[in-house]
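A.B. asks: Got a sequence here, can you build the structure:
(one chain, ligands or ions: 1)
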Amino acid sequence: MIKLMKSTFYKEEETKKALANFILEAEMLSMGEECKKFEYGFAQKQGRAHALYVSSGSMANLVLIQALLNLGRLHRGDRVAVSSLTWATNIMPLIQLGLVPVVLDCEKETLNISSQTLQSVKATDIQALFITNALGFSGDMEQIRKWCSENEIIMLEDNCESLGSQVSGIKLGNFGLASTFSTFVGHHFSTVEGGMICTDDEELYDMLLMVRAHGWDRNLSAEKQRVIRDKNGIGDFFSRYTFYDLAFNARPTEIGGFLGNRQLQYWDEIVSTRENNFKRFQNCIESNDDFLSLDVRHMDVVSNFAMPAVCRTHESFEKYRKRFENAQVEIRPIIAGDMTKQPFYKKYVTNESLCENADFIHKNGFYFPNNPELTEEEIALLCDLLHK
Ligand SMILES: Cc1ncc(COP(=O)(O)O)c(C=O)c1O
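C.D. replies: Predicted coordinates:
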């Protein structure tokens, strides 16, 4: 069987041994120096001023939206545009925190929204755009960013599926005010569970530090603690249990931090192996007209966490689905189809819209493994399966 996820982490055997030793010797396993080091290393690799490590990619999204509400940059009732082809917990935090999701259809060729798709929404109707860079792909990010900045719309990126992909020499996750990542098993690299929020905005970063842990000031710098305590008339003794704003407990552990630091050293290797695999699969897809072409002309690097294949007809879809399944290759739907058709969405949001492209991709597409541990034989078999 060729599975989507081959192992819990890249270089599993040596990582598990190192982890066992780390646990035996560590004095403390709750959030500490390993997490800090991982955040610093992640921010450096991503090219962002700040990175905040949290317990999952889903919590990264929730913490980010709460922080923007606490800062008054978003308000309850605000409308936030999202892509129809996304993950449930890209949209759920909006509903949970009293915002209104406005779902935009994606393009069939890029699996994402683009500056063209954005024309279907009135800029004055939305306060933020929480874009998803699906499966390593993106829309025309430069134009999307320009549209957001011209219209004073906050741009956020859910980059949980696209670490390392690049457009115009810029890594995905560096276009918006902030971006989120997942380090769950099977994503680009794994800390078993985990997520990251990146931003260059210091005020937002400070709020994220508080929202991650109870709304207290313990993780702020000493100077910033002084300011917030003085402003609220709090002495040092009571500061321990003073809660300044709405928050969660989304802290990671030193176990995840340690794993993150081990995996960070393989960042480039993981991204480039996935990219090389992508190119080979893409060539096969391009030369078989049963499949729709994926348009990546605007992208410098595509590093996907799984490889999508969208068939032109449902008949072809059935043919390739059976072919992959018979060859013992694990395949899955291309995320969740038209999000507005999902039961949770229908239960909580009334503005159902028709996203024909997302629906088409859902009904006629599947994704198959692209991970850095695929063997040459497995890659050859996957390429074979993609031939007519
Ligand atoms: C686009 C997107 N956002 C958010 C998440 C949530 O990440 P996690 O599983 O770490 O909670 C995922 C998970 O696959 C995802 O694909």
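A.B. asks: Next, count neighbours for Ala358.
C.D. replies: Residues within reach of Ala358, counting by other CB atoms under 10 Å, total 29. Every residue, glycine included, has its C-beta placed from N, CA and C.
A.B. asks: what's the spacing between the closest residue to it other than its chain neighbours and Pro101?
C.D. replies: Of all residues not flanking Ala358 in the chain, Ser84 sits nearest, at 3.8 Å (CB to CB, 6 or more residues apart in numbering). Distance of Ser84 to Pro101, computed by CB to CB, to the nearest Å: 10 Å.
A.B. asks: Count the neighbours of the residue of the stretch 1-150 of the chain found nearest the ligand for me.
C.D. replies: Nearest to the ligand in the stretch 1-150 of the chain, going by CB to the nearest ligand atom, is Gly57, at a distance of 2.5 Å. Gly57 has 25 neighbours, counted by other CB under 10 Å.
A.B. asks: Report pLDDT for it.
C.D. replies: At Gly57, the model reports a pLDDT of 98.
A.B. asks: Am I right that it is in contact with Gly186?
C.D. replies: No. Between Gly57 and Gly186 there is no contact under CB atoms under 8 Å: 11.5 Å.
A.B. asks: Just the strands from this structure, written as ranges.
C.D. replies: Remark: strands assigned in the chain by DSSP state E are 50-54, 79-83, 100-104, 128-132, 154-158, 166-167, 170-171, 178-182, 195-199, 299-301, 307-310, 365-368.
A.B. asks: Is any residue of the second one near the ligand?
C.D. replies: No. Contact between strand 79-83 and the ligand is absent, the nearest approach being 9.1 Å (criterion: CB under 6 Å from any ligand atom).
A.B. asks: what does that strand rub up against?
C.D. replies: 74, 90-91, 94, 99-104, 106, 112-113, 118, 121, 125-132, 134, 339 (CB atoms under 8 Å, 6 or more residues apart in numbering).
A.B. asks: Pull the number of nearby residues for Leu177.
C.D. replies: 17.
A.B. asks: With the ligand as the reference, measure out to the closest residue to it other than its chain neighbours.
C.D. replies: Residue nearest to Leu177 in three dimensions, not counting chain neighbours: Ile154, with 5.6 Å by CB to CB, 6+ apart. With distances taken as CB to the nearest ligand atom, to the nearest Å, Ile154 is found 18 Å from the ligand.
A.B. asks: Which residues does Ile154 form beta bridges with?
C.D. replies: Note on Ile154: beta-bridge partners by DSSP bridges are Ala128.
A.B. asks: From here on, call the first residue 12.
C.D. replies: OK, 12 is where the count begins now, so the last one is Ile165.
A.B. asks: what number of residues lie near it?
C.D. replies: Ile165 has 19 nearby residues by other CB under 10 Å.
A.B. asks: what's the closest residue in space to Gln154 that isn't next to it in sequence in contact with, if anything?
C.D. replies: Spatial nearest neighbour of Gln154, chain neighbours left out: Ser126 (3.7 Å); criterion: CB to CB, 6+ apart. Neighbouring residues of Ser126 by CB under 8 Å, 6+ apart: Gly150, Asp151, Gln154, Ile155, Lys157, Trp158.
A.B. asks: what's the straight distance from one end of stretch 81-97 to the other?
C.D. replies: 25 Å (CA to CA, to the nearest Å).
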